[in-house]
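Chemist: Need coordinates for the following:
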Amino acid sequence: MKSAKAKSARTKFLKVSGTLGLVALAVIASPYAVADDSGWYTGINVGQSKAKIDDARITSGLLGNGFATTSISDDNRDTGYKLFGGYQFNRNIALEAGYFDLGRFGFTATTLPPGTLTGNIKLRGLNLDLVGTLPITEKFSVLGRIGLNYAQTRDTFVGTGLVNPLNPSPNKRETNLKVGMGMQYAFTESLAMRLEAERYRINDAVGRKGDIDLVSLGLIYRFGAKTPAPAAQAEPAPVVAAPATRAVVMDTPPPAPAPLPPVKTKVSFSADSLFGFDKSTVSPAGNQNLDKFAADLKGTNYQVITVTGHTDRIGSHAYNMKLSERRAAAVKVYLVESAGIPADKIEAKGVDGSDPVTKPGDCKGTKATKKLIACLQPDRRVDVEVDAIRTTR
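Modeler: As a prediction, the model looks like this:
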């Protein structure tokens, strides 16, 4: 039988894993858990598996058959791996299924009367898990899982001397609990790395249940693009206000060329035309819109360009403020790197959702439904105000 210390450690592991799972489920219930990260994914993990071999039970069993145990050597570590695939419903919850192979474990007991008993166990099977993820930063997150494993256990026992196993090849298939926790880091929207610690409850085919631990490192690949929020209507092209003109008349000939008019304009880009929903990286379509905007301003001496990011009212103030600031900064970086506009001429700021285009009462509700997201689409925008002097005709 396992010691009280081992039972206590297992109980603590289950409690911690269960707590993390409850935290993930609580986050899912939040009105801000928008399904913008949904999609299929696959992955592989490889690491070290470890089993607890019950030497006391082996000794007791041999003693009951008239053999004293002089020594036992355990082989309780091996390399394990798992192949898995799943569907991410939103940024907080996924359903995952896979195949696992926890490796081979064994022992050799030396006995009196002279002899040996060698036992080996192989463990592999299928699992189905509910995975909860809690984002910490834009790229780093923690996760917890709880699910079921359907494991096939194959034992082999070989005796020498006077030791003769009654059943040398028992096997068992059984469904048991599986829990785990881990960390994940996203290199890109498609590729991420995951570090996990998992515990598999296993039947060892000779009447005893035990735990196998797997600590592994792996890669995840996500298929397809993220699902954007539905647009209420086709996105209008940016409208650039016509510059004001001012005629200058000289009293004496020859008349000098009239100075070119100043350029003062404000362009409002829909956030959906520049970024993916809830993202701050300029999309390919956004590149085209900003290229056209920069081309219209060629031949100007920039005084100041103000870039202001706006979000809708869905979500917390702190989160929306950071998102609006990141979006404004992304537009500034693009104008500097792609249009050659001096960085010191551009001011970028975010104002959260404090300056909406929609009027109070236009969009009712607080829960992040598709209808509310579509209604608040005009509020998600980036305003660019230009104050410049044209230098070429």
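
Chemist: okay, CA-based contacts and neighbour counts for the rest of this
Modeler: Noted.

Chemist: Could I get the full set of strands for the stretch 1-150 of the chain?
Modeler: 39-51, 68-75, 77-88, 93-112, 115-135, 140-161 (DSSP state E, counting those that start in this stretch).

Chemist: strands paired with the fourth one, and their directions?
Modeler: Under the criterion DSSP bridges, strand 93-112 sits next to strand 68-75 (antiparallel), strand 77-88 (antiparallel), strand 115-135 (antiparallel) in its sheet.

Chemist: thinking again about what came up before, looking at the strands of the stretch 1-150 of the chain, spot the one closest to residue 323.
Modeler: Taking C-alpha to C-alpha as the criterion, strand 115-135 is the member of the strands of the stretch 1-150 of the chain that comes nearest to residue 323, at 14.8 Å.

Chemist: Let's verify residue 333: helix, strand, or coil?
Modeler: Judged by DSSP: H, G, I helix; E, B strand; the rest coil, the three-state class of residue 333 is helix.

Chemist: can you pull the pLDDT of it?
Modeler: Among the per-residue scores, residue 333 holds a pLDDT of 90.

Chemist: what's it in contact with, if anything?
Modeler: With contact taken as C-alpha atoms under 8 Å, 6 or more residues apart in numbering, residue 333 is in contact with residue 343.

Chemist: ok so, going back, so can I have JSON lines of the strands paired with strand 93-112 showing mean neighbour count, mean pLDDT and distance to residue 288?
Modeler: Below are the strands paired with strand 93-112 laid out as JSON lines (neighbours: other C-alpha atoms under 10 Å; pLDDT from 0 to 100; distance: least, C-alpha to C-alpha, whole Å):
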{"stretch": "strand 68-75", "mean neighbour count": "16", "mean pLDDT": "92", "distance to residue 288": "62"}
{"stretch": "strand 77-88", "mean neighbour count": "19", "mean pLDDT": "97", "distance to residue 288": "31"}
{"stretch": "strand 115-135", "mean neighbour count": "20", "mean pLDDT": "95", "distance to residue 288": "31"}
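
Chemist: picking that back up, could you dump the strands of the stretch 1-150 of the chain into TSV and include distance to residue 384?
Modeler: Compiled in TSV, the strands of the stretch 1-150 of the chain are given as follows (distance: least, C-alpha to C-alpha, whole Å):
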stretch	distance to residue 384
strand 39-51	34
strand 68-75	67
strand 77-88	36
strand 93-112	37
strand 115-135	31
strand 140-161	32
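
Chemist: on that earlier part again, closest to residue 378 out of the strands paired with strand 93-112?
Modeler: strand 115-135 (27.4 Å).

Chemist: tally of neighbours for residue 360?
Modeler: Neighbourhood size, residue 360 [other C-alpha atoms under 10 Å]: 8.

Chemist: Report the secondary structure state of it.
Modeler: Secondary structure, three-state DSSP: residue 360 is coil.

Chemist: mind checking how far residue 327 is from residue 223?
Modeler: Between residue 327 and residue 223 the distance is 25 Å, computed by C-alpha to C-alpha, to the nearest Å.

Chemist: meant to ask about residue 322, not that
Modeler: Relative to residue 223, and taking C-alpha to C-alpha, residue 322 is found at 28 Å.

Chemist: what sits against residue 323?
Modeler: Taking C-alpha under 8 Å, 6+ apart as the criterion, residue 323 is in contact with 278-280, 311, 350, 352.

Chemist: Over to it: give its phi and psi.
Modeler: Main-chain dihedrals, residue 323, degrees, to the nearest 10: phi -70, psi -40.

Chemist: From residue 380, how far out is it?
Modeler: Taking C-alpha to C-alpha, one finds residue 323 at 11 Å from residue 380.

Chemist: Show me whatever sits in contact with both of these two.
Modeler: Joint contacts of residue 323 and residue 380 (C-alpha under 8 Å, 6+ apart) are residue 311.

Chemist: still on that earlier bit, residue 322 and residue 223 - which one has more neighbours?
Modeler: The neighbour comparison of residue 322 against residue 223 (other C-alpha under 10 Å) goes to residue 322, with 18 against 14.

Chemist: buried set for the strand or helix carrying that one?
Modeler: Under the criterion of DSSP states H and E, residue 322 resides in helix 317-339. Using 16 or more other C-alpha atoms under 10 Å as the burial criterion, the residues of helix 317-339 that qualify are 320-336, 339.

Chemist: All good on my end, thank you.
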